[in-house]
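K.L.:
Curious how this folds, go ahead:
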Amino acid sequence: MKKVKISVLKTACYTDLIEKYENPIPSHCDMKVGQEFVANGWQKPEGFCDSAWDSISAFVMTLAHGGENFYGGWMKNKKSAMISCNDGFRPVSFLIETLDIDVE
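P.N.:
Prediction:
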(Lines give C-alpha, C1' and ligand atoms only; values in the text may rest on other atoms or scores of the structure.)
Protein backbone atom coordinates (compact mmCIF):
# COMPACT_ATOMS: atom_id res chain seq x y z
CA MET A 1 0.00 0.00 0.00
CA LYS A 2 1.27 3.48 -0.91
CA LYS A 3 1.06 6.84 0.81
CA VAL A 4 -1.16 9.43 -0.86
CA LYS A 5 -0.58 13.20 -0.92
CA ILE A 6 -3.61 15.46 -0.64
CA SER A 7 -3.10 19.09 -1.70
CA VAL A 8 -5.59 21.91 -1.22
CA LEU A 9 -5.66 23.68 -4.59
CA LYS A 10 -8.72 25.90 -4.43
CA THR A 11 -11.35 27.07 -1.96
CA ALA A 12 -14.56 28.97 -2.50
CA CYS A 13 -17.14 30.61 -0.27
CA TYR A 14 -20.62 31.38 -1.58
CA THR A 15 -21.86 34.02 0.86
CA ASP A 16 -25.07 34.55 -1.13
CA LEU A 17 -26.02 30.90 -0.63
CA ILE A 18 -24.90 30.96 3.01
CA GLU A 19 -27.08 33.98 3.76
CA LYS A 20 -30.08 32.51 1.98
CA TYR A 21 -29.95 28.85 3.07
CA GLU A 22 -27.50 28.05 5.87
CA ASN A 23 -28.26 28.13 9.56
CA PRO A 24 -25.37 29.67 11.50
CA ILE A 25 -22.82 27.04 12.51
CA PRO A 26 -20.18 27.37 15.23
CA SER A 27 -17.35 26.12 13.03
CA HIS A 28 -16.68 25.01 9.51
CA CYS A 29 -13.83 23.58 7.51
CA ASP A 30 -10.87 25.95 7.49
CA MET A 31 -8.70 24.39 4.78
CA LYS A 32 -6.26 26.82 3.17
CA VAL A 33 -4.85 26.80 -0.37
CA GLY A 34 -1.37 25.30 -0.28
CA GLN A 35 -1.98 22.94 2.63
CA GLU A 36 -0.72 19.41 2.07
CA PHE A 37 -1.54 16.22 3.90
CA VAL A 38 -0.24 12.68 3.54
CA ALA A 39 -2.59 9.76 4.06
CA ASN A 40 -1.30 6.36 5.11
CA GLY A 41 -3.70 4.32 3.02
CA TRP A 42 -7.14 4.35 4.65
CA GLN A 43 -6.11 6.56 7.59
CA LYS A 44 -7.43 10.13 7.61
CA PRO A 45 -4.51 12.54 8.07
CA GLU A 46 -4.31 14.44 11.35
CA GLY A 47 -6.14 17.77 11.16
CA PHE A 48 -8.05 16.88 8.00
CA CYS A 49 -11.71 17.94 7.80
CA ASP A 50 -14.07 15.02 8.57
CA SER A 51 -16.62 16.04 5.95
CA ALA A 52 -13.97 16.48 3.25
CA TRP A 53 -12.54 13.06 4.14
CA ASP A 54 -15.97 11.53 3.58
CA SER A 55 -15.93 13.04 0.08
CA ILE A 56 -12.43 11.94 -0.97
CA SER A 57 -11.60 8.83 1.07
CA ALA A 58 -12.75 6.31 -1.57
CA PHE A 59 -10.36 7.88 -4.10
CA VAL A 60 -7.53 7.98 -1.55
CA MET A 61 -8.09 4.31 -0.71
CA THR A 62 -8.16 3.31 -4.38
CA LEU A 63 -4.91 5.15 -5.14
CA ALA A 64 -3.23 3.78 -2.00
CA HIS A 65 -4.02 0.24 -3.16
CA GLY A 66 -2.61 0.74 -6.66
CA GLY A 67 -5.74 1.84 -8.47
CA GLU A 68 -5.36 4.37 -11.24
CA ASN A 69 -6.82 5.84 -14.41
CA PHE A 70 -10.18 6.92 -12.98
CA TYR A 71 -12.98 7.23 -15.53
CA GLY A 72 -10.85 5.98 -18.41
CA GLY A 73 -8.23 8.68 -18.66
CA TRP A 74 -9.83 11.66 -16.90
CA MET A 75 -6.56 12.86 -15.34
CA LYS A 76 -3.27 13.54 -17.16
CA ASN A 77 -1.50 11.75 -14.29
CA LYS A 78 -3.29 8.41 -14.10
CA LYS A 79 -2.23 8.03 -10.44
CA SER A 80 -4.16 11.13 -9.33
CA ALA A 81 -7.65 12.57 -8.93
CA MET A 82 -9.13 16.06 -8.52
CA ILE A 83 -11.97 15.84 -6.01
CA SER A 84 -14.00 18.51 -4.23
CA CYS A 85 -15.63 18.17 -0.84
CA ASN A 86 -19.40 18.08 -0.66
CA ASP A 87 -19.87 21.41 1.14
CA GLY A 88 -22.04 23.39 -1.26
CA PHE A 89 -21.40 26.62 0.67
CA ARG A 90 -17.59 26.37 1.04
CA PRO A 91 -16.27 23.79 -1.46
CA VAL A 92 -12.60 22.85 -1.39
CA SER A 93 -10.81 21.25 -4.37
CA PHE A 94 -8.17 18.64 -3.59
CA LEU A 95 -5.50 17.12 -5.81
CA ILE A 96 -4.91 13.56 -4.65
CA GLU A 97 -1.71 11.84 -5.84
CA THR A 98 -0.12 8.48 -5.19
CA LEU A 99 3.37 8.80 -3.72
CA ASP A 100 6.03 6.24 -4.47
CA ILE A 101 6.37 5.59 -0.73
CA ASP A 102 5.06 2.48 0.96
CA VAL A 103 3.02 2.73 4.14
CA GLU A 104 5.12 1.43 7.02
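
K.L.:
quick one: the longest helix anywhere in the chain to chain centroid distance?
P.N.:
Of all segments of type helix in the chain, defined using DSSP state H, the longest is helix 50-64. The chain centroid and the centroid of helix 50-64 are separated by 6 Å, computed with Cα atoms, centre = their mean, to the nearest Å.

K.L.:
what's the spacing between Gly34 and Ser80?
P.N.:
Distance of Gly34 to Ser80, computed by Cβ to Cβ, to the nearest Å: 17 Å. In this view, the C-beta of every residue, glycine as well, is placed from N, C-alpha and C.

K.L.:
what about the two, which has more around it?
P.N.:
More crowded of Gly34 and Ser80, by other Cβ atoms under 10 Å: Ser80, with 21 against 8.

K.L.:
Show the residue spans covered by the helices in this structure.
P.N.:
15-21, 50-64.

K.L.:
can you pull the contacts of the spatially most central residue of the chain?
P.N.:
The central residue of the chain, meaning the one whose C-alpha is nearest the mean C-alpha position (Cα atoms, centre = their mean), is Phe94 at 4.3 Å. Applying Cβ atoms under 8 Å, 6 or more residues apart in numbering, one finds that Phe94 lies in contact with 6-9, 52, 56, 82-85.

K.L.:
Just the buried ones out of these, please.
P.N.:
For these, a burial check counting by 16 or more other Cβ atoms under 10 Å picks out 6-8, 52, 56, 83-85.

K.L.:
Counting only strands, which of the residues you listed make the cut?
P.N.:
6-8, 83-84 (DSSP state E).

K.L.:
which one of these sits closest to Glu46?
P.N.:
The closest of those to Glu46 turns out to be Ile6 (Cβ to Cβ; 12.0 Å).

K.L.:
Pull out the buried positions in stretch 15-27.
P.N.:
For stretch 15-27, the buried set under the neighbour-count rule, 16+ other Cβ under 10 Å, comprises Ile18.

K.L.:
and it, average pLDDT?
P.N.:
In this model, stretch 15-27 has a mean pLDDT of 90.
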